[in-house]
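Participant: sequence first, predicted model second:
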Amino acid sequence: MKPAEASLPSETEVLVKRSFDAPVKLVWRAYMEPDLMRRWCTGMPGWTMPICEMDMRVGGKYRWRWRSDEDGQEFGFTGDVLEVTPHAKIVHTQIFDAGDLSVSMGNEPSIITVTFQETNGITNVTTTIRYASKADRDAAFATGMTDGMEMSYKLLDGLLGEV
Amino acid sequence: MSELVGHFSLTQPTISSHLKVLESAGLISRRKVAQLRPCMLVPERLKEVTDWLEQVQEIWEGNYKRLDALLTELKQAEKQERKK
């Protein structure tokens, strides 16, 4: 499958697209069942997802928390489920909990919309993150810069260690 | 501006509004030279945006590769289930 594709459809949105070689009912399960979700949604290398609680019904809540193996630092997301169309669409709010990290992603919840669409056994997944304002998106942008840089440095450290 | 209009099948006001967005995002800078407002690309700013998008992609792709593996596992489990 082609790698994930990220774009900026508007001033407040980030869109990520990816296809999976599996029927939509299995992809849907991987997004809906906490025990499956925590196995793949671990984010950056060296992080795990010790807390993954989800009540994926309209009005339900979820709580995700990640922890760094290296130094035990934590951060997370929480939110409310707004819309669920089985095997097709999920919409939820998302509030960033910086935990031990000294970063900000704005205080207003963002809205996450994930769509699933199967064609010939291939499932296309789109994720739209809509920030409450351009300022919030720019804050996430600044956070991404530092996280990404830190991650690159760690990868570099690892490589240098091997030389 | 007049040079840009020739390159696209868009009206001048449409192009003008796109340029305003690019300028407010810091992706282009504009000067005033007599009646002209030449536009210049700000490559550093563009690079910041594309670098960030690449980082977003990298993190998501890491998740999605693990999801690929999990889905393969789920597909096999289903096959086994059907055989029984």
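Facilitator: Arrived safely. Residues are numbered from 1 along each chain as shown, chains lettered A, B, ... in the order given.
Participant: interface residues of chain B facing chain A?
Facilitator: Taking Cβ under 8 Å from any Cβ of the partner chain as the contact definition, chain B meets chain A at B:21, B:25, B:48-49, B:51-64, B:66-72, B:74-75, B:78. Every residue, glycine included, has its C-beta placed from N, CA and C.
Participant: buried among the residues you listed? Make that a PyMOL selection.
Facilitator: Those of the residues of chain B next to chain A that meet the burial criterion (16 or more other Cβ atoms under 10 Å in any protein chain shown) are gathered into one PyMOL selection, given here:
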select buried, chain B and resi 52+53+55+56+57+58+59+60+61+62+63+64+67+68+70+71+74
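Participant: so where's chain B uncertain?
Facilitator: B:1 (pLDDT under 70).
Participant: which SSE is the closest residue to chain A within it in?
Facilitator: Here chain B gets closest to chain A at one residue, residue B:55, 3.4 Å apart by Cβ to the nearest Cβ. Counting by DSSP states H and E, the element that carries residue B:55 is helix B:43-83.
Participant: which positions in chain A make contact with chain B?
Facilitator: Residues of chain A lying near chain B (Cβ under 8 Å from any Cβ): A:1, A:3-8, A:11, A:14, A:16, A:18, A:20-22, A:26-27, A:29-30, A:36, A:39-45, A:127, A:141, A:144-145, A:147-148, A:151.
Participant: can you flag which of these belong to strands?
Facilitator: A:5, A:6, A:7, A:8, A:14, A:16, A:18, A:20, A:127 (DSSP state E).
Participant: for the residue lying closest to the third one once chain neighbours are set aside, give me its contacts.
Facilitator: The reference is to residue A:7. Spatially, and ignoring its direct neighbours in sequence, residue A:7 is nearest to residue A:15 (5.1 Å; Cβ to Cβ, 6 or more residues apart in numbering or on different chains). Neighbour list for residue A:15: A:6, A:7, A:8, A:9, A:126, A:127, A:128, A:129 [criterion: Cβ atoms under 8 Å, 6 or more residues apart in numbering or on different chains].
Participant: of these, buried ones?
Facilitator: Applying 16+ other Cβ under 10 Å to these flags A:6, A:8, A:127, A:128, A:129 as buried.
Participant: got these as JSON lines, with pLDDT columns?
Facilitator: Output for those, formatted as JSON lines (pLDDT from 0 to 100):
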{"residue": "A:6", "pLDDT": "89"}
{"residue": "A:8", "pLDDT": "86"}
{"residue": "A:127", "pLDDT": "94"}
{"residue": "A:128", "pLDDT": "94"}
{"residue": "A:129", "pLDDT": "92"}
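Participant: between those residues, which sits nearest chain B?
Facilitator: The closest of the buried ones among the contacts of residue A:15, once distances to chain B are taken by Cβ to the nearest Cβ, is residue A:6, at 4.4 Å.
Participant: so the closest one makes contact with residue B:59?
Facilitator: No: contact criterion Cβ atoms under 8 Å: residue A:6 and residue B:59 do not qualify, at 9.4 Å.
Participant: among the residues of chain A next to chain B, the buried ones, what's the ChimeraX command?
Facilitator: Listed next is the ChimeraX selection for buried residues among the residues of chain A next to chain B, using 16+ other Cβ under 10 Å:
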select /A:4,5,6,8,14,16,18,20,22,26,27,29,30,36,39,40,41,42,43,44,127,141,144,147,148,151
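Participant: what's the local residue count around the closest residue to residue A:46 other than its chain neighbours?
Facilitator: Once flanking residues are discounted, residue A:46 sits nearest to residue A:69: 5.2 Å by Cβ to Cβ, 6+ apart. Per other Cβ atoms under 10 Å in any protein chain shown, the neighbour tally for residue A:69 reads 10.
Participant: which pLDDT value goes with residue A:162?
Facilitator: Listed pLDDT for residue A:162 reads 48.
Participant: and the residue nearest to residue A:28 when sequence neighbours are not counted, which of the three is it?
Facilitator: Excluding the flanking residues, the one nearest residue A:28 by Cβ to Cβ, 6+ apart is residue A:87, at 5.1 Å. The three-state label given to residue A:87 by DSSP: H, G, I helix; E, B strand; the rest coil is coil.
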